[in-house]
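Student: Predicted model and sequence follow; I will ask about them next.
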Amino acid sequence: MKILIDGIEIEAQFGETILEVARRTGIHIPTLCYHEAFGGQGSCRFCMVEVTKNGSSRIVASCTYPVNDGIEVKTSTPQIDKIRRNIAMLLYKRAPNSLFMQTLYKEHLCTENNLVEDPHEKCILCRLCVNACATMGASAISTVMRGTDKRVATPYDDASAVCIGCAACAEVCPTGCIEVQEDNNIRRIWNQDFTLVACEECGKNFATREQLAYIMDKSKQDAPATELRFCENCRRKVLARKLETFNG
Amino acid sequence: MGKKSKKKQVLVCCGTGCIANGGLDVYQAFKNNLGELFELASSDDIKATGCHGLCSSGPFVRILPDDITYCQVKASDVEEIIEKSIKNNELIKRLLYRDPQSKKRVQNLEKVAFNSMQLKKALRNVGLINPESLQDYLDRQGYQALRKALKMKPEAVVKEIIDAGLRGRGGGGFPTGLKWKACQATTSTPKYIVCNGDEGDPGAFMDESIMEGDPHTILEGMLICAYTVGASKGFIYVRDEYAGSVTALTKAISDARKNDFLGEDILGSGLNFDIEIVRGGGAFVCGEETALLASIEGNVGEPWDKYVFPTEKGLWGQPTVINNVETWSNVPLILLEGAKKFASTGTAGSKGTKVFSLVGKVVNTGLVEVPMGTSLRDIIFTIGGGVPGKRKFKAVQTGGPSGGCIPESLLDLKVDFDSLNEAGSMMGSGGMIVMDDRTCMVEVARYYLQFLAGESCGKCVPCREGIRSMLEILERICNGQGCLEDLDLLEDIGESVRTAALCALGRTAPNPVLSTIKYFRDEYLEHIVDHRCPAGVCKELSEFYIDAELCNGCGLCSRNCPVDAIQGEKKQPHVIDNSKCIKCGECINECQFLAVKVR
């Protein structure tokens, strides 16, 4: 099917979202809760666009709206810009001390107002961490509570029995609000301590013991394979050496 | 007891409101006493029925065929009722309903103003049958609509529903027939039928009264749809608090299974369909259909974008028809009386009737069912009997917590889906809260936003953060710390939330704020500029005084003042000591002469 985004005609496939089509065409639509690994959540509403079909227009979330034949998309209109400005403003008020939100606040030309700012909050509830954890297969964290009390946590804020301490949540977090402390060979995350394992080649800590056990379990291996003994960098070196011996 | 044709029947209202006032005790008293006297206790002639509607005067006892209705009956009245009204056809005047307009006692409640303008369609059986009796339902054409539908082609059934112009009663007002048609057109199986019984609006109990009072009609509606779209499984999602509904529906489902109305090859038609009850977990947002579906699936009750309708991808990604309780109860009626008859009631865009729960500052509170297009004035003043006491009507809030407040100037508005939307409010599921001049509209907006702040699912930013910010501003205004820019900010954020929020809850959440700013802007300005709450509700902005000209020194205010802040000689004007006053407003509420005022 053919669709129009900002006046550009694009061939789109059934099942694609507007955002996916725009991204692969190089058209920028700003997002906060979207990650290509997890797909659209429709929760931040930052990617709203105007869709016109058969003469009638509506504002939709581009990350969840499936393309259909003949739609015309505008990625920026005064109304959409205002929505994005308000979202940036509201999230900045929620997490004013996050550099990420400070930048976004300026980028979207937000104006001063007297809404209270929370100096202690850094999370903007984009839920990328929750998605990352679910995708890793652990699902140790989720959103808890509802309404304005909603937040991300482990069940009852206790140490989670299924957390493997991989810190994928912290890795994907745009505001850096998930605390990961590392001291000697101990990683502390989500109120829980994990023992770090050192790379056999360079000696650098590269994963938690639970993480490696989890991978072994998932890949049904009894003993740590090469990939599980070395850090990401050394793994290449080791493999390269192996190949040399093989060739020679 | 007379001839058999004149055999008396006693209907005791055992709706939730009447149970709270001792309805079950009254019913038991009849069972105990009447049983001995007339050997009736085991028969169906003493019925515990669903809600009679006029909840403010319950518990009700209705005696047929004489059609005598007694109000506010206590168990201790039962013996007298048996002696006088059942044995001797005598009326007990003191138990008759006193019409607030004419001040006269009325024998037949159907003839009072509260009932005269009503048209019971969705509630046609509620209050008349024992909800636990399948026979009672069958006696009132129960399952006849299903039998009729099973003889029709599925396409013809859908056409009937489309022609009837039935729109979803849960709030959205989407044409029911088109929904069914879309689901019918899908080829993927299995398909599901869902009944939304997660009625969560504060003060609303329309759906509860149907689930409790006439459960089979819901099953019948769902069965007709199942046959029409080719579904094999149904779910009724019942709000957690509605224990009575669960009981009634469980019994109805069990009876329906035993009598070939649910299960395999229903009535020899080849239709296989069964229904399961799912209890909600107490989240208001699960009344939103996609959140409800997520909840049935066992996931967190959060909505998803409905760019693809549930009729195509609903429960577990399969085609699903989801309708509200009241919608389902209209379905058998359409099949029975025909689309044409159904569509003869209502307005151009909204056909049939709508049940409202009329509550708040109104004389007759309860359930009312009126044709679409009935004016607000008729509902509130003719049926509801107006505002009690000497207070004045100020606004009516329709559509639940995220509805809007409609002012006196729009009282002649003909109520239907479209007119309420145009007025900045909505039909919602039919909540109607009447407010008098003791209501502060800023505080009303604050109250609803506080409710929504706790009941939003918190998934999308506009709803969660928008409500949080609007609530913050409203709290500031109520505390006397508002500024003029706050109004612009409220409108600016409100507009964004209205367009950008994920689900209907979020998109309508700004309604209480935007509608009160639209119609009661002066009241906001009084709070902000004059630091005064004219209704005397916001404590920081209220100071009470007694108008010496109006006060006759009756002393009612000083006797009711919890902190002894009011002094005065008998028959002399009283005075409020503002250093002691805690601004609870008791004196204003008690004064019969409107002498207590807000400075």
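Tutor: Great, that's in hand. All values derive from a computational prediction rather than experimental measurement. Residues are numbered from 1 along each chain as shown, chains lettered A, B, ... in the order given.
Student: Let's test this: name the helix or strand in chain B with the lowest mean pLDDT.
Tutor: helix B:23-38 (a mean of 84; mean pLDDT, DSSP states H and E).
Student: Off-centre distance for it?
Tutor: Chain-centre distance of helix B:23-38: 30 Å, with Cα atoms, centre = their mean, to the nearest Å.
Student: Now do the same contact list for the residue nearest to the spatial centre of chain A.
Tutor: Centroid-nearest residue in chain A: A:Leu128, 3.5 Å away (criterion: Cα atoms, centre = their mean). Contacts for A:Leu128 were tallied using Cβ atoms under 8 Å, 6 or more residues apart in numbering or on different chains; they are A:33, A:35, A:38, A:172-174. For the C-beta atoms, the positions are set from N, CA and C on the backbone; glycine is no exception.
Student: what's the nearest residue to the closest residue to chain A within the stretch 351-500 of chain B if we skip its chain neighbours?
Tutor: When scored by Cβ to the nearest Cβ, the stretch 351-500 of chain B has B:Gly458 as its residue closest to chain A, at 3.1 Å. Closest residue to B:Gly458 in three dimensions, ignoring its sequence neighbours and counting by Cβ to Cβ, 6 or more residues apart in numbering or on different chains: A:Lys150, at 3.1 Å.
Student: if I read this right, that neighbour contacts B:Val461, doesn't it?
Tutor: No. Look at A:Lys150 against B:Val461 with Cβ atoms under 8 Å: they stay out of range, at 11.0 Å.
Student: what is in contact with those two at once?
Tutor: Common neighbours of A:Lys150 and B:Val461 (Cβ under 8 Å, 6+ apart) are A:Leu125.
Student: if you count what's nearby, which of these two comes out ahead?
Tutor: Higher neighbour count among A:Lys150 and B:Val461: B:Val461, with 30 against 18, using other Cβ atoms under 10 Å in any protein chain shown.
Student: Can you list phi and psi of that one for me?
Tutor: Backbone dihedrals for B:Val461, given as degrees, to the nearest 10, come out at phi -60, psi -50.
Student: Against B:Met117, how distant is the nearest residue to B:Ala113 once chain neighbours are set aside?
Tutor: Closest residue to B:Ala113 apart from its sequence neighbours, by Cβ to Cβ, 6+ apart: B:Thr382 at 5.6 Å. Distance from B:Thr382 to B:Met117, counting by Cβ to Cβ, to the nearest Å: 6 Å.
Student: which of the two has more neighbours?
Tutor: Remark: of B:Thr382 and B:Met117, B:Thr382 carries more neighbours, 18 against 15, as counted by other Cβ under 10 Å.
Student: got a pLDDT number for the residue nearest to the centre of chain A?
Tutor: Per-residue pLDDT puts A:Leu128 at 98.
Student: what comes up buried for the lowest-mean-pLDDT helix or strand in chain A?
Tutor: Sorting the helices and strands of chain A by mean pLDDT, DSSP H and E puts helix A:232-247 at the bottom, at a mean of 85. By 16 or more other Cβ atoms under 10 Å in any protein chain shown, the buried positions in helix A:232-247 come out as A:234-235, A:238.
Student: Next: stretch B:86-106.
Tutor: The neighbour-count check on stretch B:86-106 (16+ other Cβ under 10 Å) flags B:86, B:92, B:95-97, B:99, B:106 as buried.
Student: From the contacts of A:Leu128, list just the buried residues.
Tutor: Among these, those buried by neighbour count (16+ other Cβ under 10 Å) are A:33, A:35, A:38, A:172-174.
Student: So the residue nearest to B:Ala113, which state does it fall into?
Tutor: Using DSSP: H, G, I helix; E, B strand; the rest coil, the structure places B:Thr382 in helix.
Student: Break the chain down into its domains, please.
Tutor: Defaulting to chain A. Per the record, chain A has its domains at A:2-76, A:128-247, by automatic domain parsing.
Student: actually chain B
Tutor: B:4-110, B:134-343, B:353-436, B:441-528, B:543-598.
Student: right, and those domains - which one's nearest A:Thr135?
Tutor: domain B:134-343 (16.4 Å; Cβ to Cβ).
Student: and the end-to-end length of the closest one?
Tutor: 29 Å (Cα to Cα, to the nearest Å).
Student: Please state the mean pLDDT value computed over that domain.
Tutor: Computed over domain B:134-343, the average pLDDT equals 97.
Student: I'd like the distance between the residue in the stretch 301-450 of chain B that chain A sits nearest to and B:Cys460.
Tutor: Relative to chain A, the nearest point of the stretch 301-450 of chain B is B:Asp305 (4.2 Å; Cβ to the nearest Cβ). Going from B:Asp305 to B:Cys460 by Cβ to Cβ gives 10 Å.
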